[in-house]
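# fold the following.
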Amino acid sequence: MQKEAYFYVGKIVRKYSFKGEVIIKIDRDTPEIITELESVLVAMGDNLVPFFMEKNSWQKPLQLRVKFEDVNSESDADSLINRDVFLPKELLPKKSGTEFYKAEVISFKVEDIQYGYVGIIKGVNEKTPQTLLEVIDESGRLVLIPSDAFIKRIDYDNQIVFVETPEGLLDLRF
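Numbering: from 1, shown residues only. Okay, here's the model as predicted:
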C-alpha cells in the first residue's frame, strides 16, 4: 500500500481498559465519518495494516475510544500505542471554494495570481496561530504562506492552489 493514497487520521495514544480498548487522538481535520467505518489502517513499520473496529465512541472531543477485533488484552493494546492511523483519501467528503483537507493539498502546485509559480506544497502547519502552507520552491527553499488569508481558489482537477500574497511575502524564504 502506498501511503500517498491515504490520509492521516490520528494517533493511538493510550490504552483505555484492560480488555484491549485504545484511544485514538483524532486530527482535527478528520471528518466525522470515521465512527461509521468498519476499519482503519494502522501504520506498522512501512506498511498500513487494516484493523477492524468492533465498536467505537467519542471519549472526549477529538478522542475516539476504539475496540479492535483480535485486540483483547492490555499487551495487545500496548503494541498499538504511538501508531499512526490512516484512511483512504477517497473517503474524504469533497470541500469547495477555499476549504481543504491537509491531506488532499499535499503535492499541489502553488501559483500566485500576481507573481506566478511559487512551488509545491509539502506540508500544512496548524501549530501556529494561522494555518501555514509549507511550500518548497524550485531551489528547495521553504516558503510559508498563511492559508486563511491568501488562498483565492483551489483547482482540484489540476492540483493547483491559487494564492494572492502581498508584496514581499514570497521573498521570505528559508
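
# and the contacts of stretch 156-169?
Identification of contacts with stretch 156-169 by C-beta atoms under 8 Å, 6 or more residues apart in numbering yields 94, 100, 104-105, 107-115, 118, 121, 133, 145, 150-155. C-beta coordinates here come from the backbone N, C-alpha and C atoms, glycine included.

# any idea how far it is from the chain center?
The chain centroid and the centroid of stretch 156-169 are separated by 20 Å under C-alpha atoms, centre = their mean, to the nearest Å.

# tell me the buried residues in that stretch?
Within stretch 156-169, the residues that count as buried by 16 or more other C-beta atoms under 10 Å are 161-163, 165, 169.

# can you list the domains in the protein?
3-91, 102-171 (automatic domain parsing).

# output those domains as a markdown table; include the columns mean pLDDT.
A markdown table is the format used below for the domains of the chain (pLDDT from 0 to 100):
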| stretch | mean pLDDT |
| --- | --- |
| domain 3-91 | 90 |
| domain 102-171 | 89 |
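
# ok, back up a step: show me the contacts of stretch 156-169 that map onto strands.
Judged by DSSP state E, the subset of these located in strands is 109-112, 118, 121, 133, 145, 151-155.

# nearest to residue 42 among those residues?
residue 121 (25.8 Å; C-beta to C-beta).

# just list whatever residues bridge to that closest one.
residue 135 (DSSP bridges).

# hmm, residue 104 and it touching each other?
No - judged on C-beta atoms under 8 Å, residue 121 makes no contact with residue 104 at a distance of 10.1 Å.

# who has more neighbours out of the two?
residue 121 (23 against 17; other C-beta atoms under 10 Å).
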